[in-house]
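Visitor: 3D model of this:
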Amino acid sequence: MRALLIEDDPLLGDGIKTALEREGYTVDWFMLGREAISAIESETFSVIILDLGLPDMDGMQVLHLLRQQSTLPILILTARDAMEDRVGGLDAGADDYVLKPFNLKELLARLRVVMRRAEGRASQVLTLGALSIDEARHAVSWRGKDVKLGRREYALLLELARHPDRVLSRPRLENLLYGWGEEVESNAVEVHIHHLRKKLEKHLIINVRGIGYRLDSQAQ
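Guide: This next block holds a predicted model:
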């Protein structure tokens with residue numbers, strides 16, 4: 001749930017960042033293409049939102065460079081409405097192409113779609129054993145009962161659920177929960193895991209000592 005936002009308009013960028021954070025995303029926002037390319041080389045993201053009209057380099061060039069380094073879902077967000085621009089962006093590797101002005105609810109829905117598609121899923125509801133997560137409503141249930149989670153608890157659970165039975169390292173989870181410039185307590189991930197186990201079931205999230213955590217897809 002960590003998004004890389006590349007947008008040079010301060011007002012628009014701030015609005016998108018705020019909306020994404022309300023949806024549980026951690027957002028790293030860059031106004032320059034070169035900064036974003038450097039970030040993708042060293043950080044872990046879930047999705048990329050790319051404006052094409054950047055001040056330092058053309059967004060299509062940024063797209064080409066990003067695609068050389070990453071298979072992450074990329075959503076283009078631009079005022080370029082010509083058919084050749086839209087076709088060119090999609091052919092160059094973008095997963096979706098959204099025109100400005102846009103509706104925030106639609107943007108959020110399209111982000112969910114491109115991330116589901118990248119994971120090979122069609123439904124917005126992720127069900128693993130007795131766990132159910134409705135991404136559109138940010139609703140979590142365990143054994144049929146609704147469970148209220150904090151923003152980072154939800155983001156952490158969703159990331160583990162998107163990779164069931166796979167061990168995810170603590171540094172990777174930290175990168176997804178916290179953006180650049182945010183201070184991270186040494187035991188931040190452990191604290192969130194502890195809260196999730198209390199609210200759900202202890203055996204749902206397994207600690208692989210010295211490596212990380214995994215979610216048991218068969219937990220009942």
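
Visitor: Where does pLDDT dip in the chain?
Guide: 180-185 (pLDDT under 70).

Visitor: Select the longest helix from it.
Guide: Criterion DSSP state H: the longest helix present in the chain is helix 104-118.

Visitor: what about stretch 96-116, distance to the chain center?
Guide: Stretch 96-116 sits 13 Å away from the centroid of its parent chain (CA atoms, centre = their mean, to the nearest Å).

Visitor: Quick one: residues in contact with that stretch.
Guide: Outside of stretch 96-116, the residues within contact range by CB atoms under 8 Å, 6 or more residues apart in numbering are 3, 12, 15-16, 19-20, 23, 46-47, 49, 73-81, 86, 89-90, 95, 122-124, 135-136. Where you see a C-beta, it was placed from the backbone N, CA and C, and this is true even at glycine.

Visitor: Give me the residues contacting the helix or strand just after the longest helix of the chain.
Guide: Sequence-wise, the next helix or strand downstream of helix 104-118 (DSSP states H and E) is strand 125-128. Around strand 125-128, the neighbours that count as contacts under CB under 8 Å, 6+ apart are 132, 133, 134, 135, 158, 161, 162, 164, 215, 217, 218, 219.

Visitor: so which of the residues you listed comes closest to residue 204?
Guide: residue 219 (4.5 Å; CB to CB).

Visitor: Helix, strand, or coil at the closest one?
Guide: Secondary structure state of residue 219, per DSSP: H, G, I helix; E, B strand; the rest coil, is coil.

Visitor: tell me the contacts of it?
Guide: Contacts of residue 219 by CB under 8 Å, 6+ apart are 128, 129, 130, 131, 201, 203, 204.

Visitor: What remains of these if I keep only buried residues?
Guide: 128, 129, 130, 131, 201, 204 (16 or more other CB atoms under 10 Å).

Visitor: Using PDB, write out the CA atom coordinates for the host helix or strand of residue 214.
Guide: Take DSSP H and E as the rule and residue 214 turns out to sit in strand 212-215. Taking Å, rounded to 0.1, in the frame of the first residue of the first chain, the C-alpha atoms of strand 212-215 are listed here in PDB:
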ATOM      1  CA  GLY A 212      10.000 -11.900   8.800                       C
ATOM      2  CA  TYR A 213       6.300 -12.700   8.800                       C
ATOM      3  CA  ARG A 214       3.800 -14.700   6.800                       C
ATOM      4  CA  LEU A 215       0.100 -15.000   6.700                       C
END
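
Visitor: chain center to it, what's the gap?
Guide: With CA atoms, centre = their mean, you get 18 Å for strand 212-215.

Visitor: cool, and stretch 21-32?
Guide: With CA atoms, centre = their mean, you get 9 Å for stretch 21-32.

Visitor: and if you look at stretch 129-144?
Guide: Centre-to-centre, stretch 129-144 and its host chain are 18 Å apart (CA atoms, centre = their mean).

Visitor: And for stretch 151-161?
Guide: Distance of stretch 151-161 from the chain centroid (CA atoms, centre = their mean) equals 10 Å.
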